[in-house]
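> give me a 3D structure for the following:
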Amino acid sequence: CGDRYQGWLADAEVNQFLETRWAEHTGDSIREFVSRMRESDSDYLFGIIEADGDRHVGNIKLGPINPVHRHADVSYFIGERDVWGKGIATEAIRIATRFGFERLNLHRVQAVVSSANIRSAKALERAGFFREGLAREKLWTGEGWSDQVSYGILGIPPVD
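Okay, here's the model as predicted:
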């Protein structure tokens, strides 16, 4: 795992809404996480690569997968600030969701975000997810409480 990935996780603006912000990340801990994901039967971790190049700009994870109820969580982050606002997260969410429906036979994909994370909420909505619920003051930000918003999508999303 590169220094860039470790740098993303250490960047307060990049990780301000990620649960991983509460942990210290070393090269070894990141390699261990990636290795666990590779070996997992219930998680899929993908690098997000710019469409017009080969630069790794973030990650997206589908999982854990519940094989009985055929649903999974999707979580993601874009570490390279220069591509924020360019639709890369939306496209990655669409691709991961399509993978879940078409290749893993999922019935549902869901995500949760902080109500303060407007960019992430918009990315989910643009990817076809619906806002399904609100858990009031569920997330501690370090400075106060934030609501958690739940999103979900059923079936195979339309292909653009």
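
> in the helix or strand bottoming out on mean pLDDT in the chain, what's buried?
Of all helical and strand segments in the chain, the minimum by mean pLDDT, DSSP states H and E falls on helix 3-10, at a mean of 74. Neighbour-count burial for helix 3-10, counted by 16 or more other CB atoms under 10 Å, picks out 5, 8-9. Where C-beta positions appear, they are placed from N, C-alpha and C, glycine not excepted.

> do stretch 95-112 as well
For stretch 95-112, burial by neighbour count (16+ other CB under 10 Å) applies to 96-101, 106, 109-112.

> host element of the closest residue to Ser40 other than its chain neighbours?
Spatial nearest neighbour of Ser40, chain neighbours left out: Gly63 (6.9 Å); criterion: CB to CB, 6 or more residues apart in numbering. Secondary structure from DSSP states H and E places Gly63 in strand 56-66.

> show me what that strand is in contact with.
Strand 56-66 is contacted from outside by 2, 4-5, 8, 37, 40, 42-50, 71-80, 83, 88-89, 92-93, 96, 99-100, 104, 106, 109, using CB atoms under 8 Å, 6 or more residues apart in numbering.

> next SSE after it?
strand 71-78.

> so how far is Asn59 from Leu9?
Distance, Leu9 to Asn59, using CB to CB, to the nearest Å: 10 Å.
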